[in-house]
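S.K.: the sequence and its predicted three-dimensional model are supplied below.
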Amino acid sequence: MKIIKRDDLLKHKPLIIGGPCAVESRIQINEAAGKLVKMGVKILRCQLWKPRTDPDSFQGIGLAGLKFLLEIKNKYNVLIATEITDKDQIAKTQGVADILWVGARNMQNFELLKALGKDKRPVILKRGLISTIDEWIGASKYIGSDRVILCERGIRTGADSMRFTMDINGLLVAKYDHNMPVIIDPSHTAGRADMVPYLAYAGIAAGADGIVVEVHPQPEKALSDATQQITPEVFKEVISKVNAIYKLRHQKEFAITHFGAKEKVQPGKKPTKTLLFLAVSDRVGILKDILTVFSDYDINLSKLESQPGKQGSWDYAFEVEANSNASEPRLIQALSILKKLCVIIKILGEY
């Protein structure tokens, strides 16, 4: 099985991942897969193992379900994402699961994380129920941050209006301060199906890179989390609106406002400039090294502004206006070199 890279997944944002809370039977997962693939879903959540608070509740069908996943993988040409609850399951899912998954309750199961670090597949890492952002980021490093997609699934707070509270603040800090891709799980946050679409829209509008949603052909008959699973028909509408919101976030006509700068991007024109955010650790010669990279690739800079860092992961940030389209090979090559010099690199926009 060809191993797909995390960054290849992220070329197709927003990430749309859907599927039932748990694989219950061959018939159920085939029905779900057929309906989801028909609406364009490329990644299916297919959980074989379910850590449950209640020992008498449905725990998943385990290894017996691998043959069902292989069947739908081959039949529909989709990617399979499945949760790993024990390090012994990692090797057994090879050849079937394209994306591994660490649930909230295992976010700090360090032996499991270390074992996953020896694998090469992308990993979705859910945030623990009461974990801080630093703990979440720290957990990702056990696996290898360049293979991890973080998932904000809601945390426990003093609020009791829904099952959990979606931490939009934390999502943004993980995404922008730590340069990590973050998707959201509105199903577990809400705990009720009617609120899942609205939380999905809010998360994408705020900056999330995608969604993972529990979708069941017949939610009322689900063996676990029946109250929070939505139907494929509802999910189809969610996907449409999520894509629209994401497109709105990234459309060319917007005002870039950062460090006090403001430029109006005109629609219909090919961008000629790229605005970059570069965060670095303080050392003698760092700015000279950065400027040398741009010079080596014949990229002229029309603006360079600096600002001291506001948190411990970096000391200074530079806003750089490069006279180059972001898709030009020379800028792409320059950024690949700059990644070795910078703590964080972000493309803020083109115009």
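M.R.: Sure, I can see it.

S.K.: and the host helix or strand of Ile347, what does it pack against?
M.R.: According to DSSP states H and E, Ile347 maps onto strand 344-350. Helices and strands in packing contact with strand 344-350 are listed as strand 255-258, strand 274-280, strand 314-322; criterion 3 or more CB pairs under 8 Å, 6 or more residues apart in numbering; DSSP states H and E. Using the backbone N, CA and C atoms, a C-beta is placed for each residue, glycine as well.

S.K.: out of those strands, deepest packed?
M.R.: For those, the largest average neighbour count (mean count of other CB atoms under 10 Å) is found in strand 274-280, namely a mean of 22.

S.K.: does Gly203 touch Asp209 like I think?
M.R.: No - counting by CB atoms under 8 Å, Asp209 is not a contact partner of Gly203; they are 9.7 Å apart.

S.K.: what about those two, which has more around it?
M.R.: Set side by side, Gly203 and Asp209 give different neighbour counts by other CB atoms under 10 Å, the larger being at Gly203 (26 against 21).

S.K.: how about that one, nearest residue that isn't a chain neighbour?
M.R.: The shortest distance from Gly203 to any residue that is not its chain neighbour, by CB to CB, 6 or more residues apart in numbering, is 3.8 Å, and that residue is Ile184.

S.K.: return the set of buried residues in the strand holding Ile347.
M.R.: Applying a neighbour-count criterion of 16 or more other CB atoms under 10 Å, the buried positions in strand 344-350 are Ile344, Ile345, Lys346, Gly349, Glu350.

S.K.: check stretch 217-236 too.
M.R.: 217, 219, 222-225, 228-230, 232, 234-236.

S.K.: can you list the buried residues of strand 344-350 in CSV and add pLDDT and distance to Asp194?
M.R.: As requested, those are exported to CSV (pLDDT from 0 to 100; distance: CB to CB, whole Å):
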residue, pLDDT, distance to Asp194
Ile344, 90, 38
Ile345, 92, 40
Lys346, 90, 36
Gly349, 84, 36
Glu350, 81, 39
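
S.K.: quick one: contacts for Cys21?
M.R.: By CB atoms under 8 Å, 6 or more residues apart in numbering, the contact list for Cys21 reads Gln47, Lys50, Ser187, Glu214, His216, Ala222, Ser224, Asp225, Gln228, Gln229.

S.K.: how about the residues you listed in a markdown table, adding pLDDT?
M.R.: As requested, the contacts of Cys21 are exported to a markdown table (pLDDT from 0 to 100):
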| residue | pLDDT |
| --- | --- |
| Gln47 | 96 |
| Lys50 | 86 |
| Ser187 | 97 |
| Glu214 | 98 |
| His216 | 98 |
| Ala222 | 95 |
| Ser224 | 93 |
| Asp225 | 92 |
| Gln228 | 96 |
| Gln229 | 97 |
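
S.K.: can you give me the helices for this structure?
M.R.: Counting by DSSP state H, the chain forms helices over residues 6-9, 26-38, 66-76, 88-92, 110-117, 133-143, 168-172, 186-190, 196-206, 232-250, 286-296, 329-338, given from the N-terminal end onward.

S.K.: CA-only coordinates of the first one in CSV, if you can.
M.R.: Pointing back at helix 6-9 there. Listed next in CSV are the C-alpha coordinates belonging to helix 6-9 (Å, rounded to 0.1, in the frame of the first residue of the first chain):
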residue,chain,number,x,y,z
ARG,A,6,0.1,14.4,5.5
ASP,A,7,1.0,17.3,3.4
ASP,A,8,-0.5,15.6,0.4
LEU,A,9,-3.8,15.4,2.3
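
S.K.: other SSEs contacting that helix?
M.R.: Packing partners of helix 6-9 (3+ CB pairs under 8 Å, 6+ apart): strand 148-152.

S.K.: neighbouring strands for the strand it packs on, and are they parallel or not?
M.R.: When sheet partners are counted by DSSP bridges, strand 148-152 sits next to strand 123-126 (parallel), strand 182-184 (parallel).

S.K.: out of those, which comes closest to Ile4?
M.R.: Proximity to Ile4, assessed across those by CB to CB, is greatest for strand 123-126 (12.1 Å).

S.K.: how far away from the center of its chain is the closest one?
M.R.: In terms of CA atoms, centre = their mean, to the nearest Å, the centre of strand 123-126 is set 8 Å apart from its chain centre.

S.K.: so what touches that strand?
M.R.: Residues from elsewhere that reach strand 123-126, judged by CB under 8 Å, 6+ apart: 81, 99-104, 107, 116, 136, 139-140, 143, 147-151, 153, 183, 185, 212.
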